[in-house]
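Q: the following block contains a protein sequence and its predicted model.
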Amino acid sequence: MTPEGKSRALKIALAVSVALNLFAVVGGATAVITRANVDQKVEDQRRPGRDASVPQILATLDPEVRERVGQGLKASALAARPDFEAARSARRAAVAATSATNAFDPAAVSALLETSRTAELRGRARLESDAVALLATLQPDDRQAMGAILSRHGKGGGRSSDRGGDGAGERRHGERKADHPRDETPATPKG
């Protein structure tokens, strides 16, 4: 092999080595970041109120209390449903407006997102105020058991006002589709 051939082979080998090293560094960084995200999701799932579903929480109550509380939660969810549907509809319209082939109107998209946030917050406020009113009718032991339904709605727990910051958008760490009112209608207890 000529000196020029050796030099060229070394340059190619060096370029391949650099490329492989960069690939390894990017892969390692991705693994570290992914691991941190997984750890955060696991931690979010361990927060109080995440261990039991509403039907499981209701199951701990006496039958007559369970029936009354279940009906109250169901009525509240049905009353809040139009707000959550309006939030989803405005969100879909905002997404559609960003995907349109015609001119992009940032003001219109912002207005739709604001409408979505407002409707979702209105629905959440209804659910939460109805839950507090219902909790006020319970005995201390039952109220303590049912208090977990409020811990499902907050930072890092169940439903959130935005899953990302704007009140009606992406899921936060550890949330399931059913945990968010825009993705599905509010959960209604059976019983």
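A: Done, it's in. Just so it is clear, the structure is predicted and the values come from calculations on it, not from any experiment.

Q: distance of A13 from G27?
A: Computed as CB to CB, to the nearest Å, the A13 to G27 distance reads 21 Å. No exception for glycine: its C-beta is placed from N, CA and C like everyone else's.

Q: ok, P106 next?
A: When distance is defined by CB to CB, P106 is 37 Å away from G27.

Q: quick check: R117 touching R91?
A: No: assessed by CB atoms under 8 Å, R117 is found out of contact with R91, at 9.1 Å.

Q: what is the mean pLDDT for stretch 124-142?
A: Stretch 124-142 shows a mean pLDDT of 91.

Q: one more: stretch 39-48?
A: Looking at stretch 39-48 alone, the average pLDDT works out to 68.

Q: C-terminal to the longest helix anywhere in the chain, what's the next element?
A: Among all segments of the chain classified by DSSP state H, the helix with the greatest residue count is helix 3-45. On the C-terminal side of helix 3-45, the nearest following helix or strand under DSSP states H and E is helix 54-58.

Q: just checking the distance from that next one to the centre of its chain.
A: 21 Å (CA atoms, centre = their mean, to the nearest Å).

Q: what packs against the helix or strand of the chain with the lowest mean pLDDT?
A: Least confident helix or strand, the chain: helix 148-151 with a mean of 78, by mean pLDDT, DSSP states H and E. With contacts defined as 3 or more CB pairs under 8 Å, 6 or more residues apart in numbering; DSSP states H and E, helix 148-151 has these neighbours: helix 54-58, helix 106-135.

Q: and that helix, what's buried?
A: Using 16 or more other CB atoms under 10 Å as the test for burial, helix 148-151 gives 148-150.

Q: model confidence for L14, exactly?
A: According to the predicted model, the pLDDT of L14 comes to 90.

Q: contacting residues for it?
A: The contact partners of L14, by CB atoms under 8 Å, 6 or more residues apart in numbering, come to none.

Q: now swap in A86 and tell me
A: Counting by CB under 8 Å, 6+ apart, A86 makes contact with 115-116, 119.
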